[in-house]
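Asks: Predicted structure and sequence below. I'll ask about it afterward.
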Amino acid sequence: MDFTAQRFVFRPGDEGYDEEIAGFQTGFPTRPALVVGAETTDDVLAAVAHAAEHALAVGVQATGHGLPGASEGGVLISTRRMDSVTVDAAARTATVGAGARWGQVVAAAAPHGLAPLNGSAPSVGAVSYTLGGGLGILARTFGYAADHVRSLDVVTADGTARHVTADSDPELFWGLLGGGAALGVVTRLEIGLVPVARLYGGAVTFDGATTDPATLLRGYEEWTRTLPEELTSSLAAVVCPDLPQLPPHLRGRYLISVRVAFTGPAAEGERLVAPLRALGPAESDTLREMPYTESPAIHSDPDSPHAYYGDNVMLSGLDADAAGELLALTGPDADAMHVVQLNHLGGALSRPAPNAVPFREAGWLVRLLTPMQGIDVAGARKLHARAFAHVAGETLGRSLNFAFGGADRPEGLYDADTRKRLAELKAAYDPANLFRRNYGVTRSDGAAD
């Protein structure tokens with residue numbers, strides 16, 4: 001396949017190559033033999049055809065928060081230029097290109113009093129996030145982002161551009177949503193929007209040196225038991241590094257924050273969070289009514305590229321004592337910095353939908369992220385295994401969205417029935433395994449891809 005007529009094609013050593021493959025995650029660099037900066041679906045078709053002709057693996061990267069799959073020595077399709085976003089206010093939908101970031105979608109929907117089911121970081125790619133399921137800040141109220149997809153445009157391994165809906169191709173539609181990037185290159189999504197223009201949200205942060213972390217965790221778990229579906233929350237614990245980039249009052253401190261997003265009236269939100277505020281003296285309290293466009297302030301996720309390894313487990317329930325031991329292992333006495341997050345699930349997340357997002361019965365998600373400073377991947381994996389062992393009795397599996405580097409370990413990403421069904425789709429749409437990123441899906445003959 002001749003790419004000489006295309007504007008954004010790079011090989012190792014070309015000017016612009018390193019910039020094109022750079023992303024938010026810097027801990028797992030790859031060196032594709034060919035990088036195609038796609039502007040149109042035709043560019044994607046050409047890249048996939050070239051890879052198929054030469055039996056090369058295909059990876060896809062939008063923003064680089066996740067990993068592009070097995071593109072080392074193969075073909076990387078960069079979709080960041082395909083970032084169009086259009087909103088149909090009457091239909092309450094948005095059409096989102098493969099490279100669009102959630103911040104763009106939020107900004108486009110807001111003037112119409114609408115919002116997407118986005119995550120906490122506005123720089124995350126909307127399409128890749130949704131293909132992994134999409135656990136957002138309003139998740140208990142509206143479910144997974146994948147639950148709100150109306151249609152997908154996808155290029156499959158046979159070089160076909162398909163428009164897929166639940167009616168036109170229910171099985172492929174099911175597998176693309178939750179199956180990640182193993183079945184093709186999704187170039188566009190049509191998603192449903194929700195009528196949310198403002199919310200009550202923010203974070204209450206406690207000092208882990210003056211308020212017992214185990215007591216905070218136990219109080220938080222008890223608080224969640226009676227919450228309505230309109231309130232989605234998470235708890236995060238981190239020892240802030242002693243770095244000049246941080247304000248002096250944060251450096252080296254162990255902080256535990258409960259983040260809240262409530263779609264009901266602010267007065268009701270104040271009433272609901274009163275028991276949370278009573279858990280101890282707050283280091284800071286940012287809970288307030290805000291326009292939805294300011295919702296990234298709830299989590300204040302970092303926006304600078306860095307190296308990190310992350311993994312997670314989905315739990316049927318939360319044993320506060322066991323989770324407390326996990327906190328202790330990853331807290332101030334740990335050998336490396338770790339960020340722990342507990343997401344309260346349930347509500348609309350537990351409802352069935354025509355997609356492959358698994359473990360809907362889970363009540364909790366426990367995430368562990370380790371910046372790769374002073375620790376290597378093997379050390380991070382070892383620590384994660386020790387930490388997750390404390391909650392093994394309640395573990396159902398893992399979430400694809402939050403396997404930040406941990407996607408190299410495919411165990412537990414799907415239940416047995418979902419894995420078998422995805423394997424059948426893989427055999428039908430990508431028998432040569434062009435898209436190597438399959439997260440433990442096996443071929444129909446039982447061999448691992």
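Replies: Cool, the structure landed.
Asks: quick one, what contacts Asp303?
Replies: The contact partners of Asp303, by C-beta atoms under 8 Å, 6 or more residues apart in numbering, come to Ala121, Ser123. (Each C-beta comes from the backbone N, C-alpha and C, glycine too.)
Asks: Could you list the low-confidence segments of the protein?
Replies: The model of the chain has pLDDT under 70 over residues 1-6, 68-70, 405-408, 437-449.
Asks: Need the residue closest to the centroid of it.
Replies: Centroid-nearest residue in the chain: Asn401, 3.6 Å away (criterion: C-alpha atoms, centre = their mean).
Asks: and it, helix, strand or coil?
Replies: Using DSSP: H, G, I helix; E, B strand; the rest coil, the secondary structure recorded for Asn401 is helix.
Asks: From Ala181, how far out is the closest residue in space to it that isn't next to it in sequence?
Replies: Excluding the flanking residues, the one nearest Asn401 by C-beta to C-beta, 6 or more residues apart in numbering is Gly132, at 4.0 Å. Going from Gly132 to Ala181 by C-beta to C-beta, to the nearest Å gives 9 Å.
Asks: coming back round to it: and the residue nearest to Asn401, how many residues sit next to it?
Replies: 26 (other C-beta atoms under 10 Å).
Asks: ok, now His65?
Replies: For His65, using other C-beta under 10 Å, the count is 21.
Asks: For it, give me its contacts.
Replies: Counting by C-beta under 8 Å, 6+ apart, His65 touches Gly23, Phe24, Gln25, Ala121, Ser123, Val124, Gly125, Ser128.
Asks: so which strand or helix has the last one?
Replies: Taking DSSP states H and E as the criterion, the element that holds Ser128 is helix 126-131.
Asks: packing partners for whichever helix or strand comes after that helix?
Replies: Sequence order places helix 139-142 as the next helix or strand after helix 126-131, per DSSP H and E. Contacts defined by 3 or more C-beta pairs under 8 Å, 6 or more residues apart in numbering; DSSP states H and E place helix 139-142 against strand 231-239.
Asks: Quickly run through the sheet partners of the strand it packs on, with directions.
Replies: strand 254-262 (antiparallel), strand 339-344 (antiparallel) (DSSP bridges).
Asks: immediately after the longest one, which helix or strand?
Replies: Same thing as strand 254-262. Where DSSP H and E defines the elements, the next helix or strand beyond strand 254-262 is helix 266-277.
Asks: nearest to Leu272, of the strands paired with strand 231-239?
Replies: Evaluated over the strands paired with strand 231-239, closeness to Leu272 peaks at strand 254-262, with 6.6 Å, by C-beta to C-beta.
Asks: Now do the closest one: distance to the chain's middle.
Replies: Distance, stretch centre to chain centre, for strand 254-262: 18 Å (C-alpha atoms, centre = their mean, to the nearest Å).
Asks: Restrict that strand to CA atoms and write it as CSV.
Replies: In CSV, the C-alpha atoms belonging to strand 254-262 read as follows (Å, rounded to 0.1, in the frame of the first residue of the first chain):
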residue,chain,number,x,y,z
TYR,A,254,-1.4,11.6,53.4
LEU,A,255,-4.8,12.8,52.2
ILE,A,256,-8.0,10.9,51.9
SER,A,257,-10.8,12.5,49.8
VAL,A,258,-14.4,11.6,49.2
ARG,A,259,-15.6,12.9,45.8
VAL,A,260,-19.3,13.5,45.2
ALA,A,261,-21.5,14.1,42.2
PHE,A,262,-25.2,14.5,42.9
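Asks: one step back: which pair of the contacts of His65 spans the longest distance?
Replies: Gly23 and Ala121 (13.3 Å).
Asks: I'd guessed the residue nearest to the centre of the chain sits against Leu131; true?
Replies: No. Using C-beta atoms under 8 Å, Asn401 is not in contact with Leu131; the gap is 9.2 Å.
Asks: that older thread, other residues contacting the helix holding Ser128?
Replies: 60, 62-63, 65-66, 79, 96-102, 104-105, 116, 118-119, 145-146, 149, 176-181, 186, 188-189, 191, 401.
Asks: and if we set it to 7 Å?
Replies: Contacts to helix 126-131, defined as C-beta atoms under 7 Å, 6 or more residues apart in numbering, come from residues 62, 66, 96, 98, 100-102, 105, 119, 145-146, 149, 176-177, 180-181, 186, 189, 401.
Asks: try stretch 88-97
Replies: Here stretch 88-97 makes contact (C-beta under 7 Å, 6+ apart) with 82-87, 105, 108-109, 112, 114, 116, 126-127, 150, 188-193.
Asks: Off-centre distance for it?
Replies: Relative to its chain's centre, stretch 88-97 lies at 22 Å (C-alpha atoms, centre = their mean).
Asks: One more: stretch 112-127?
Replies: What separates the centre of stretch 112-127 from the centre of its chain is 11 Å, taken as C-alpha atoms, centre = their mean.
Asks: and the residue nearest to the centre of the chain, what does it touch?
Replies: Here Asn401 is in contact with Tyr129, Gly132, Gly133, Gly134, Leu135 (C-beta under 7 Å, 6+ apart).
Asks: so what's the closest residue to the fourth one other than its chain neighbours up against?
Replies: Right, the one you point to is Gly134. Leaving aside its chain neighbours, Gly134 sits nearest to Ala145 (2.6 Å; criterion: C-beta to C-beta, 6+ apart). Taking C-beta under 7 Å, 6+ apart as the criterion, Ala145 is in contact with Leu117, Tyr129, Thr130, Gly134, Gly136.
Asks: Repeat the analysis, applying 6 Å as the threshold.
Replies: Ala145 makes contact with Leu117, Thr130, Gly134, Gly136, according to C-beta atoms under 6 Å, 6 or more residues apart in numbering.
Asks: want to throw these into JSON lines with neighbour count?
Replies: Formatted as JSON lines, the contacts of Ala145 follow (neighbours: other C-beta atoms under 10 Å):
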{"residue": "Leu117", "neighbour count": "30"}
{"residue": "Thr130", "neighbour count": "31"}
{"residue": "Gly134", "neighbour count": "29"}
{"residue": "Gly136", "neighbour count": "25"}
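Asks: just the strands in the stretch 301-449 of the chain please.
Replies: Using DSSP state E, counting those that start in this stretch, the strands of the stretch 301-449 of the chain run over 308-315, 339-344, 364-371, 395-397.
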